[in-house]
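Colleague: just coords:
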């Protein structure tokens, strides 16, 4: 099989069609090896920046982004006759004490932040869900009747729930668990809870329900006809070579589309300038090998160790990778550019190489793996010192290969920074495609890169882990400072956004309001962009900040040309979770749509009204006019009267609005 880019890298594409293709390729390869299920997608919304498993979690830090991508992944995999298993249900947001910690989350935060990607997977028809190791409110996830009821009944999940390996602690069929996975039957510490004798003690209706859920998936996915082998007679299938040229191309293309250009001062990139004759490639990560858990000298089976291409643990893949130095050198030589290397983090050697080059490319990174969280958010092997030294010797571009958030104390002193969230086997070629301008960078951050480690949520070290910050994580937090904000990503051109306009939707559509804008390429390079919509709700919704509620990746726009972008906000998009009601309810009142290139780079804003604030009625207008006339008659000028009427506390919301009509913020 291929070592494709990892789910967090796929999140950085902000591109559901690419994720769908990714899912289809996975489905074909799994099917080609005789498998009928894939343990994915992993969709937990990131809470802890140091979580060792963040590279697996496709949602990044946002429930809406995760929902859109989870849907694409599930549909892609299952279109190939392989059933998807969404995981890890639920609140598996750290690896420290993952088998014992108890997550405590308030109901509103659950539904606004952590549940939505699971619900989107359910709506997409996901076949199974995997319950996690941790406890929720003191009860193990796989035995947690409340949480499993939410999944089965409130979300309308029609598939079956399977345990993670060693995550079963009781015969929990009556609580909503349907299948016990391996890791049991190995002694008193891991008894087999679904053994025949145990099942005889369970209410027969619960056993029947679990069996029906599993059989329904077998029937719906036509597994009885498509299954190639029955364990343990599958070795022939497991050993099959399923690689195809099309999948190699997809591995490269998807990794390249995941690259996020964070900084590009003095237009140092792309490296196609005629005055660049020699580049230096510096850093040990540039030539780092793939980690083989079974290889000599590489831990001798330390399965949780990741590398700079693939995270460690149950999802780790090793094999032949194209390293950064290989991919970049090959492309540079094709352009007649000389390459010198210093493939260690030795500072003096790196500076010496940089002084000989027109541009220094410092390749850095860090790793993580399942079962343990990262110790910090720093780069490996004193890379910060290397970057600080090299940037004084030559114009410098830093490449980062990482499983999640990192801190970059040198970010203000280098000319260029790019990040890839574990790009798989084609990492080096993907870097080359972007660095030399064969592909304009299109990736956007699915997470906030914090200014310091203090600008993130640490893992809980106690037995009980309260999510005391509630919804205020990532860009939704007023306390955190970003080095690079959620949604950020540059490319090799610039874009101008036209003022927003809005209109009502046809009654038959699942659309409450339509927002239109136009994006013009004002630079010199053909490129797409990712237009993002953040919706600011009325105060009644109780949301701490504008939430992402739409994004569109444009086609490749030529210089001077423009593309219209339309966002259709559904009933769900304008709803918030009301704890008193126990469900989502549509908000009414004044909304603001903020559209731009990131959560912090807002280009246009629009105020509109839904429901109870339709003040464009004649009686209201007459009342306003009468008030202005009265003030004017009292000796106040008309302009002053209008200002007086609009002034004071809450004046902005007191201005007349056309219901769902156009009202630009100043």
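Modeller: Nice, thanks for sending it over. All values reported here derive from a predicted model rather than from experimental measurement.
Colleague: The closest residue to residue 414 other than its chain neighbours and residue 118: what is the separation?
Modeller: With C-beta to C-beta, 6 or more residues apart in numbering as the criterion, residue 414 has its nearest non-adjacent residue at 4.5 Å, and that residue is residue 396. From N, CA and C alone the C-beta is placed, and that goes for glycine too. Distance, residue 396 to residue 118, using C-beta to C-beta, to the nearest Å: 42 Å.
Colleague: before we move on, what about residue 238?
Modeller: Look at residue 238 and residue 118: by C-beta to C-beta, they are 30 Å apart.
Colleague: So for these two, which residue has more residues nearby?
Modeller: More crowded of residue 238 and residue 118, by other C-beta atoms under 10 Å: residue 118, with 28 against 11.
Colleague: In which helix or strand does the more buried one reside?
Modeller: Using DSSP states H and E, residue 118 falls within helix 116-123.
Colleague: mind listing what's buried in that helix?
Modeller: Neighbour-count burial for helix 116-123, counted by 16 or more other C-beta atoms under 10 Å, picks out 116, 117, 118, 119, 120, 121, 122.
Colleague: now stretch 223-237
Modeller: 223, 227.
Colleague: Residues in contact with that stretch: which ones?
Modeller: 31, 33, 34, 36, 81, 83, 217, 218 (C-beta atoms under 8 Å, 6 or more residues apart in numbering).
Colleague: Could I get the average pLDDT for it?
Modeller: In this model, stretch 223-237 has a mean pLDDT of 85.
Colleague: From one end of that stretch to the other, what's the distance?
Modeller: Length of stretch 223-237, first residue to last, C-alpha to C-alpha, to the nearest Å: 16 Å.
Colleague: Same question for stretch 136-148.
Modeller: OK, stretch 136-148 end separation, C-alpha to C-alpha: 11 Å.
Colleague: Give the rounded mean pLDDT of that stretch.
Modeller: Throughout stretch 136-148, pLDDT has a mean value of 98.
Colleague: from now on call the first residue 12
Modeller: In the new numbering, first residue 12, that becomes stretch 147-159.
Colleague: Distance from that stretch to the middle of the chain?
Modeller: Going by C-alpha atoms, centre = their mean, to the nearest Å, the spacing between the C-alpha centre of stretch 147-159 and its chain's C-alpha centre is 26 Å.
Colleague: returning to what we had before: other SSEs contacting the helix holding residue 129?
Modeller: Where contact means 3 or more C-beta pairs under 8 Å, 6 or more residues apart in numbering; DSSP states H and E, helix 127-134 is packed against helix 74-89, strand 94-100.
Colleague: Could you rerun that using 10 Å?
Modeller: When contacts are defined as 3 or more C-beta pairs under 10 Å, 6 or more residues apart in numbering; DSSP states H and E, helix 127-134 sits against helix 74-89, strand 94-100, strand 139-142.
Colleague: quick one: the helices in the stretch 312-461 of the chain?
Modeller: Using DSSP state H, counting those that start in this stretch, the helices of the stretch 312-461 of the chain run over 335-345, 358-366, 394-401, 438-446.
Colleague: Return the set of buried residues in stretch 145-157.
Modeller: Using 16+ other C-beta under 10 Å as the test for burial, stretch 145-157 gives 145, 146, 147, 150, 151, 152, 153, 154, 155.
Colleague: Could you list the low-pLDDT ranges of this structure?
Modeller: Filtered on pLDDT under 70, the chain yields the residue ranges 12, 195-200, 306-312, 519, 623, 625-677.
Colleague: domain assignment for it?
Modeller: 18-249, 261-480, 506-675 (automatic domain parsing).
Colleague: And those domains: which comes nearest residue 500?
Modeller: Nearest of the domains of the chain to residue 500, taken as C-beta to C-beta: domain 261-480 at 3.9 Å.
Colleague: Tell me the gap between the closest one and the middle of its chain.
Modeller: Per C-alpha atoms, centre = their mean, the centroid offset for domain 261-480 relative to its chain is 19 Å.
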